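Novice: Predicted model follows, preceded by the sequence.
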Amino acid sequence: MSKLTSAQIEQLARQMDERWAREIEEIRRVAERARDERAQEALAGRAADRLDQALADIAASADYAIVRQDIEDVRDIVAARKRIAAGTYGICTDCGGDIGYERLRAYPTAKRCIECQRGDERRRRVHA
Ligand SMILES: [Zn+2]
């Protein structure tokens with residue numbers, strides 16, 4: 001369990017829900033324009049697994065290039081909701097340490113603590 005209180009988790013979940021609503025709306029607008037009925041249907045529901053699959057599909061489609069960042073953000077929120085449900089939210093996926101409330105307030109979908117995030121970015125730069 002992380003050291004977050006349930007009130008803190010609720011606060012962060014609310015923050016993510018607001019972002020989710022805004023971004024889903026933008027993605028839905030593109031889906032409407034593209035007359036992509038399957039995506040529109042998936043975006044209207046809140047079944048996380050189905051939505052995540054639909055988002056993976058539309059992320060690969062050129063029609064959605066303009067909202068690619070929104071799609072990434074929503075997928076990150078889907079993953080964060082799963083971690084909340086599993087009781088692992090706020091725990092670093094790399095070292096198992098606490099991510100910390102302050103970092104999560106700035107970046108609610110963070111899955112790594114700041115030290116591991118920096119290490120990950122360094123490794124990516126080395127491999128890039
Ligand atoms: Zn860590």
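Specialist: Noted; the coordinates are in hand. Numbers count the residues shown, from 1 in each chain.

Novice: Could you use CA atoms for every contact and neighbour count after this?
Specialist: Will do.

Novice: Quick one: the helices in this protein, in order.
Specialist: For the chain, the helices defined by DSSP state H occupy 6-33, 37-44, 48-59, 68-86, 101-106, 114-127.

Novice: Can you give me the buried ones in the third one?
Specialist: Using 16 or more other CA atoms under 10 Å as the test for burial, helix 48-59 gives Ala48, Leu51, Asp52, Ala54, Leu55, Ile58, Ala59.

Novice: ok, which residues in the chain are in contact with the ion?
Specialist: Contact residues, the chain versus the ion (CA under 5 Å from the ion): Cys92, Cys95, Cys113, Cys116.

Novice: again, only using 6 Å
Specialist: By CA under 6 Å from the ion, the residues of the chain that approach the ion are Cys92, Asp94, Cys95, Gly97, Arg112, Cys113, Glu115, Cys116.
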